[in-house]
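This is a predicted model, with the sequence first.
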Amino acid sequence: IFFYVAAIAAGKEEVETLSNGVHWLVYPLFQGLSFAASLYVIITGVRMLLGEIVNAFVGISERLIPNAKPALDCPIVFPFAPTATVIGFLS
């Protein structure tokens with residue numbers, strides 16, 4: 001929806017200039033799908049990284065600070081508030 005609003009605000013000629021021959025109403029769809037796929041890849045990568053690295057830090061933190069909890073923001077918040085996460089990302 002954001003990409004269509006921006007495309008309509010920019011106008012047909014400007015979108016066709018940027019799209020390199022793609023129809024001006026199809027281009028925002030492709031850009032939206034590309035953004036969604038990129039966001040999914042980023043979130044999945046962050047979850048995988050945290051799944052591996054949190055276990056290492058838990059062992060260290062138990063010795064230094066017993067009962068400490070790891071701070072996880074984006075992969076924890078995104079499933080519960082995807083709209084807020086995307087709006088924050090766009091901001």
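Nice, I can see it.

give me the element the residue nearest the centre of the chain is part of.
Computing the C-alpha centroid of the chain and ranking residues by CA atoms, centre = their mean puts Leu39 first, at 3.2 Å. Assignment of secondary structure by DSSP states H and E places Leu39 within helix 27-64.

Show me what that helix packs onto, helices and strands only.
Under the contact definition 3 or more CB pairs under 8 Å, 6 or more residues apart in numbering; DSSP states H and E, helix 27-64 sits against helix 2-10, helix 12-19, helix 74-77. C-beta coordinates here come from the backbone N, C-alpha and C atoms, glycine included.

so Val54 makes contact with Lys69?
No - using CB atoms under 8 Å as the test, Val54 is too far from Lys69 to be in contact (10.2 Å).

These two: who's more crowded?
Each of Val54 and Lys69 has its neighbours counted (other CB atoms under 10 Å); Val54 has more, 13 against 8.

Now the more buried one: closest residue in space that isn't a chain neighbour?
Among residues not flanking Val54 along the chain, Pro70 sits closest, at 5.0 Å (CB to CB, 6 or more residues apart in numbering).

Give me the secondary structure label for the one you found.
Secondary structure assignment for Pro70 (DSSP: H, G, I helix; E, B strand; the rest coil): coil.

List the contacts of it.
For Pro70, the contacting residues are Leu50, Val54, Phe57, Val58, Ser61, by CB atoms under 8 Å, 6 or more residues apart in numbering.
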